[in-house]
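A.B. asks: The amino acid sequence is not available; the structure is as follows:
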């Protein structure tokens with residue numbers, strides 16, 4: 001079997017664009033991956049074109065070799081654009097291998113050690129503006145069987161927080177904690193926007209509400225700063241969504257800069273690399289909780305990974321999405337006791353309808369972070385998964 005083509009399809013989905021990558025073969029099989037990269041979709045498509053030039057005519061099943069060669073031969077290696085292209089193609093190659101053998105990808109990665117994985121939801125707060133509205137939406141979400149939820153309560157704040165901004169954020173967290181009680185985990189998102197003393201101050205104030213973790217408290221490009229925050233924080237620190245190689249995660253672990261590791265399967269090298277990063281986390285006795293707010297293919301791939309990583313802690317997922325998501329793929333998400341069941345179809349267990357995707361062509365979107373627009377994370381018309 002040989003690779004005959006690699007194609008990119010960009011699909012507008014309200015807040016961003018999904019970027020699907022299809023790898024075709026002369027055997028008639030097509031694998032699918034996802035490299036969704038907010039605000040950089042066109043650059044990603046260009047990077048996929050470079051990968052295509054390297055892989056057309058090659059054996060699709062020498063996956064480790066392809067990953068090594070693509071990284072080696074890039075010369076200007078690493079970074080979100082190249083690594084998202086490599087990640088998407090890697091997913092598609094594993095999908096092809098699973099399809100050809102008639103087995104789910106987790107079977108090719110050592111077999112499953114669980115049938116389900118606990119989730120935490122993002123986007124549950126869409127449209128909320130006041131602490132009371134956040135509390136009401138949190139209660140509604142918990143009543144649907146969700147046991148963990150994440151959000152960013154910090155509004156427009158950047159680098160520093162005024163006393164008023166901090167009080168508003170803490171009031172929001174307090175209202176949500178009161179609404180859901182102590183049996184639901186709260187995860188607080190920082191979006192990498194605070195300086196070190198502000199992040200430490202926030203972490204100390206958050207401790208009263210017993211969050212599971214405080215995510216990306218400082219910018220991702222200074223791991224020493226993150227390590228300083230973690231050393232002085234009374235709550236666990238999560239990080240890694242904007243790290244792109246296992247070398248980055250080696251340094252994160254070496255510096256003791258995070259308690260939860262959060263690589264994104266669409267950006268940090270796909271299944272091949274995340275399995276290695278998971279092994280590093282296991283060696284360091286750290287929980288593994290991949291970042292996963294993207295589209296259906298990335299979610300399907302992360303579920304396959306969750307099946308075969310023993311210390312996989314919990315899986316991020318958006319609580320709802322565009323009403324037509326089920327029209328563009330055959331995704332079937334089953335929630336049971338706060339956990340998603342892991343599919344056992346061949347490959348990644350998902351097929352994408354390109355004709356349906358074509359009805360939602362690329363649209364540019366503006367950065368929402370630090371503008372106060374984060375609660376506009378879900379479309380006006382949305383369909384809940386659970």
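C.D. replies: On my side now, so go ahead. Every value quoted in this text rests on a predicted model; they were computed, and no experiment measured them. Numbers count the residues shown, from 1 in each chain.

A.B. asks: Please tell me how far stretch 259-275 is from the chain's geometric centre.
C.D. replies: Between the centre of stretch 259-275 and the centre of its host chain there is 9 Å, according to Cα atoms, centre = their mean, to the nearest Å.

A.B. asks: what is the mean pLDDT for that stretch?
C.D. replies: The pLDDT scores in stretch 259-275 average 99.

A.B. asks: hey, where'd the strands end up in this structure?
C.D. replies: Secondary structure of the chain (DSSP state E): strands at 3-12, 17-25, 30-34, 116-122, 148-151, 185-189, 213-215, 237-239, 260-261, 315-318, 320-322, 335-336, 339-341, 382-384.

A.B. asks: tell me the angle the longest one makes with strand 17-25.
C.D. replies: Taking axes from the mean of the first three to the mean of the last three Cα atoms, to 10 degrees, one finds strand 3-12 and strand 17-25 inclined to each other by 160 degrees.

A.B. asks: Relative to strand 3-12, what are the paired strands and their orientations?
C.D. replies: Within its sheet, strand 3-12 is paired with strand 17-25 (antiparallel), according to DSSP bridges.

A.B. asks: what angle sits between the strand it pairs with and strand 30-34?
C.D. replies: If you take the same axes, to 10 degrees, strand 17-25 sits at 150 degrees to strand 30-34.

A.B. asks: For the stretch 51-200 of the chain, give me the ranges with low pLDDT.
C.D. replies: Regions of the stretch 51-200 of the chain meeting the criterion pLDDT under 70 are absent.

A.B. asks: now do 80
C.D. replies: Counting by pLDDT under 80, the stretch 51-200 of the chain shows low-confidence ranges at 74.

A.B. asks: OK, contacts around the nearest residue to residue 9 once chain neighbours are set aside?
C.D. replies: Closest residue to residue 9 apart from its sequence neighbours, by Cβ to Cβ, 6 or more residues apart in numbering: residue 20 at 4.8 Å. Backbone N, C-alpha and C define where each C-beta goes, glycine included. Applying Cβ atoms under 8 Å, 6 or more residues apart in numbering to residue 20 gives the contacts 8-11, 32-34, 88, 295, 297, 352, 357.

A.B. asks: all helices of the stretch 51-200 of the chain, in order?
C.D. replies: Using DSSP state H, counting those that start in this stretch, the helices of the stretch 51-200 of the chain run over 63-74, 80-101, 105-108, 131-143, 163-180, 196-206.

A.B. asks: Okay, buried residues for the longest one please.
C.D. replies: In terms of neighbour count (16 or more other Cβ atoms under 10 Å), helix 80-101 has its buried residues at 80-100.

A.B. asks: Over to the fifth one?
C.D. replies: By 16+ other Cβ under 10 Å, the buried positions in helix 163-180 come out as 166, 168-170, 172-173, 175-177, 179-180.

A.B. asks: Mind telling me which residue is nearest the centre of this structure?
C.D. replies: Central residue of the chain (Cα atoms, centre = their mean): residue 292, 1.9 Å from the mean position.

A.B. asks: Tally up the residues packed near residue 114, please.
C.D. replies: 15 (other Cβ atoms under 10 Å).

A.B. asks: Setting the sequence-adjacent residues aside, check what's closest to it.
C.D. replies: Setting aside the residues directly before and after it, residue 114 is nearest to residue 307 in space (Cβ to Cβ, 6+ apart), at 6.2 Å.

A.B. asks: For that neighbour, list the residues it contacts.
C.D. replies: Contacts of residue 307 by Cβ under 8 Å, 6+ apart are 104, 106, 112-115, 117, 342.

A.B. asks: Please report how far residue 75 lies from residue 49.
C.D. replies: 17 Å (Cβ to Cβ, to the nearest Å).

A.B. asks: Could you count how many residues lie near the residue nearest to residue 203 when sequence neighbours are not counted?
C.D. replies: Using Cβ to Cβ, 6+ apart and skipping residues adjacent in sequence, the residue nearest residue 203 is residue 233, 3.9 Å away. As a burial measure, residue 233 scores 20 neighbours (other Cβ under 10 Å).

A.B. asks: what separates residue 233 from residue 215, distance-wise?
C.D. replies: 12 Å.

A.B. asks: And for residue 128?
C.D. replies: Per Cβ to Cβ, residue 128 is found 19 Å from residue 215.

A.B. asks: First-to-last residue distance for stretch 231-251?
C.D. replies: By Cα to Cα, to the nearest Å, the extent of stretch 231-251 from end to end equals 16 Å.

A.B. asks: buried ones in it?
C.D. replies: Buried, per 16+ other Cβ under 10 Å, within stretch 231-251: 233, 235-246, 248-249.

A.B. asks: Show me which of the residues you listed is closest to residue 329.
C.D. replies: In terms of Cβ to Cβ, no member of the buried residues of stretch 231-251 lies closer to residue 329 than residue 241, at 23.1 Å.

A.B. asks: need the contact list for that closest one.
C.D. replies: Counting by Cβ under 8 Å, 6+ apart, residue 241 touches 216, 220, 262-264, 267, 291.

A.B. asks: try 6 Å
C.D. replies: 262, 264, 291 (Cβ atoms under 6 Å, 6 or more residues apart in numbering).

A.B. asks: Equivalent analysis for residue 263, please.
C.D. replies: Contacts of residue 263 (Cβ under 6 Å, 6+ apart): 240, 274, 277, 290.
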